[in-house]
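[1] my questions concern the predicted model and sequence given below.
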Amino acid sequence: RSVLVLERKAETGGAAVSFRAFPGVDVRLSRYSYLVSLLPRKIVADLGLAVDVRRRRISSYTPVGSSGLLVDTGDSGRTASSFQRLTGGSADFAAWQRFYAMTAAVAERVFPTLTEPLPSKETLRSAVGEEAWRVLFTEPLSVGVEESFADNTVRGVVSTDALIGTFAPVDDPRLRQNRCFLYHVIGNSTGDWDVPVNGMGAVTGELARAARDAG
């Protein structure tokens, strides 16, 4: 194929670009798109991309009253204490651990298929197991979230990854929210979202460089 790439601006990247936020400071930050996780490491290796990423430790912070709910993926004790303060108990944190252990298992099994021939529905169902298949693939995500968590703030935090950019309710029977949620939790077989050093423009720049090098 002969490919022609057209860009409105002088730099390649569209929404995946970086900029210097502070005059005189040689640091580039993402302007729009800001995290990367669905780019398989196999593709990075095959194309020889010099992309440096850092794991995002703080998953989220949700203000509630004079405090809030902190999800720190590097300190489960800190996260548990935050759940305790918000919900008044330990049940929702235990449910959180079970729920995301399930999504982690799904990520481990599903992400590698992104660079393989599309598996059949039955193959994928067998790989992820019946519980994950029901909660994440066949029923509206709201069903599993409401079954698992009692606190509405916790339910909202879990649902965030299903609703960004979809304009769909969490109980949408068309399951658009489920697909969006899966995109957010399967990244690189772990569900982690990585921050590219020098912003997303560094990723785009390396893709452009690899394309030029390939002719």
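    Received, thanks.
[2] from here on, just use CA atoms for contacts and neighbour counts.
    OK.
[3] where exactly do the strands run in the chain?
    Secondary structure of the chain (DSSP state E): strands located at 18-20, 28-30, 53-55, 58-64, 67-72, 194-196.
[4] could you dump those strands into a markdown table with distance to Asp161 added?
    Rendered in a markdown table, the data for the strands of the chain read as follows (distance: least, C-alpha to C-alpha, whole Å):
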| stretch | distance to Asp161 |
| --- | --- |
| strand 18-20 | 24 |
| strand 28-30 | 20 |
| strand 53-55 | 18 |
| strand 58-64 | 11 |
| strand 67-72 | 14 |
| strand 194-196 | 15 |
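[5] can you pull up the most central residue in the protein?
    For the chain, the residue whose C-alpha lies nearest the mean C-alpha position (C-alpha atoms, centre = their mean) is His184; its distance is 3.0 Å.
[6] touching, that one and Gly191? I think so.
    Yes: in this structure, His184 is within contact of Gly191 by C-alpha atoms under 8 Å, at 6.7 Å.
[7] circling back to that earlier point, OK, contacts around the residue nearest to the centre of the chain?
    Taking C-alpha atoms under 8 Å, 6 or more residues apart in numbering, we find His184 in contact with 161-162, 191.
[8] next one: Ala80
    Residues in contact with Ala80, defined by C-alpha under 8 Å, 6+ apart, are 90, 93.
[9] select the longest helix from this protein.
    Of all segments of type helix in the chain, defined using DSSP state H, the longest is helix 91-110.
[10] which elements pack onto it?
    helix 76-87, helix 121-128, helix 130-132, helix 141-148, helix 176-185 (3 or more C-alpha pairs under 8 Å, 6 or more residues apart in numbering; DSSP states H and E).
[11] comparing these, which comes out most buried?
    The highest mean neighbour count among the helices and strands packed on helix 91-110, using mean count of other C-alpha atoms under 10 Å, belongs to helix 176-185: a mean of 21.
[12] export that helix as CSV, just CAs?
    Taking C-alpha atoms only, helix 176-185 is exported to CSV below (Å, rounded to 0.1, in the frame of the first residue of the first chain):
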residue,chain,number,x,y,z
ARG,A,176,-21.4,0.3,24.9
GLN,A,177,-20.4,1.0,28.5
ASN,A,178,-19.1,-2.6,28.9
ARG,A,179,-16.9,-2.3,25.8
CYS,A,180,-15.5,1.0,27.1
PHE,A,181,-14.8,-0.5,30.5
LEU,A,182,-13.0,-3.5,28.9
TYR,A,183,-10.7,-1.1,27.0
HIS,A,184,-9.8,0.6,30.3
VAL,A,185,-9.0,-2.6,32.3
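[13] circling back to that earlier point, what are the contacting residues of the longest helix of the chain?
    80, 83-84, 124, 127-128, 132, 148-151, 154, 185-191.
[14] need the helices and strands packed on helix 91-110 in JSON lines with distance to Asp213, can you?
    Formatted as JSON lines, the helices and strands packed on helix 91-110 follow (distance: least, C-alpha to C-alpha, whole Å):
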{"stretch": "helix 76-87", "distance to Asp213": "44"}
{"stretch": "helix 121-128", "distance to Asp213": "37"}
{"stretch": "helix 130-132", "distance to Asp213": "43"}
{"stretch": "helix 141-148", "distance to Asp213": "44"}
{"stretch": "helix 176-185", "distance to Asp213": "30"}
